[in-house]
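*Asks:* with the input below, show me the fold.
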Amino acid sequence: MRILYRGPLASCNYDCPYCPFAKRRDPPDLLRADRAALERFVDWVAAHPGEPTEVLFTPWGEGLTRSWYRAALVRLSHLPHVGRAAIQTNLAGRLGWVTDADPDTLALWCTFHPGQVEPARFLRQSATLHRHGIRHSVGVVGLPGHLADAVALRSALPGDVYLWVNAADGHTYSAAEEAAWPAIDPLFGNSVRPHRSLGRACRTGDRCGRTL
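*Replies:* You can find the predicted model right below:
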């Protein structure tokens, strides 16, 4: 199974102008519900050792500022039937916890947000992951004002750390703007132009999710 997990969490420590969840705070009851749901999910994965599983956490907010996401990733990384335990993150939090995880299983999908963190600090965080053998990618939202930072990041990052670029929602790219990004991310065209549907019915049926 390949599972994309998203719980109730919707708070973030960053204030990105292009994000609807910027600087949002979750009330204590929602945080408790998010923690309980995540722990229940990890228990469920652990209780099914015969099912090879990969998990990607894609919270609306920033998960790694919460201890239960760090604990979940560490626990999942040591389960023999879990081939990958990954999370999307702005990489703002401390990274000492990664030494408790299995580096062959843990992975981070890291996004750099210009104006929210100094490039040098972000690069130090990436270097920490690299030093501990933690597989990770780095990305940036492809707004014109982010291009110089993205070029600098690509130059500073090790060659084995992929730098991807997400086309900015609502932004119309001129031919010149679009042409600037593939030098950083050769797959940028897949992001800037939505994929056309084949017009086929969903093969998974009406229900594509499950409540655990």
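*Asks:* can you tell me how far His171 is from Ala127?
*Replies:* Per C-beta to C-beta, to the nearest Å, His171 is found 31 Å from Ala127. Every C-beta, even on glycine, is put in place using the N, C-alpha and C of the backbone.
*Asks:* lowest-scoring secondary structure element of the protein by mean pLDDT?
*Replies:* helix 188-192 (a mean of 87; mean pLDDT, DSSP states H and E).
*Asks:* run through who's touching it.
*Replies:* Contact with helix 188-192 is made by 142, 164-167, 173, 178, 181-182, 185, as judged by C-beta atoms under 8 Å, 6 or more residues apart in numbering.
*Asks:* ok, and for the lengthiest helix in the chain, which residues are buried?
*Replies:* Using DSSP state H to define each element, the chain has its longest helix at helix 28-46. Residues of helix 28-46 classed as buried by neighbour count (16 or more other C-beta atoms under 10 Å): 31, 34-35, 37-38, 41-42, 45.
*Asks:* for stretch 65-81, same thing?
*Replies:* Buried residues in stretch 65-81, counted by 16+ other C-beta under 10 Å: 65-66, 68-77, 79.
*Asks:* also stretch 161-178?
*Replies:* Buried, per 16+ other C-beta under 10 Å, within stretch 161-178: 161, 163-165, 167-168, 173, 178.
*Asks:* those residues: which two are farthest apart?
*Replies:* Val161 and Tyr173 (25.0 Å; C-beta to C-beta).
*Asks:* excluding chain neighbours, what is closest to the residue nearest the centre of the chain?
*Replies:* Geometric centre of the chain, nearest residue: Gln88, 1.5 Å, by C-alpha atoms, centre = their mean. Nearest residue to Gln88 in three dimensions, chain neighbours excluded: Trp109, at 4.5 Å (C-beta to C-beta, 6 or more residues apart in numbering).
*Asks:* that neighbour bridge partners, please.
*Replies:* Note on Trp109: beta-bridge partners Gln88, Ser137, judged by DSSP bridges.
*Asks:* look up how far Ala101 lies from it.
*Replies:* In terms of C-beta to C-beta, Trp109 sits 15 Å off from Ala101.
*Asks:* CA atoms only: put stretch 130-148 into PDB for me.
*Replies:* The C-alpha trace of stretch 130-148 is given here as PDB (Å, rounded to 0.1, in the frame of the first residue of the first chain):
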ATOM      1  CA  HIS A 130      22.700  14.700   4.100                       C
ATOM      2  CA  ARG A 131      25.200  14.100   6.900                       C
ATOM      3  CA  HIS A 132      22.900  11.600   8.600                       C
ATOM      4  CA  GLY A 133      22.100   9.800   5.300                       C
ATOM      5  CA  ILE A 134      18.500  11.000   5.300                       C
ATOM      6  CA  ARG A 135      17.000  11.000   1.800                       C
ATOM      7  CA  HIS A 136      15.400  14.300   1.000                       C
ATOM      8  CA  SER A 137      14.400  16.600  -1.900                       C
ATOM      9  CA  VAL A 138      14.100  20.400  -1.900                       C
ATOM     10  CA  GLY A 139      11.500  22.400  -3.600                       C
ATOM     11  CA  VAL A 140      10.300  26.000  -4.100                       C
ATOM     12  CA  VAL A 141       7.200  27.600  -5.500                       C
ATOM     13  CA  GLY A 142       7.900  28.900  -9.000                       C
ATOM     14  CA  LEU A 143       7.100  32.500  -8.600                       C
ATOM     15  CA  PRO A 144       9.200  35.000 -10.600                       C
ATOM     16  CA  GLY A 145      10.500  36.600  -7.400                       C
ATOM     17  CA  HIS A 146      11.800  33.200  -6.200                       C
ATOM     18  CA  LEU A 147      14.000  32.500  -9.300                       C
ATOM     19  CA  ALA A 148      17.200  33.900  -8.000                       C
END
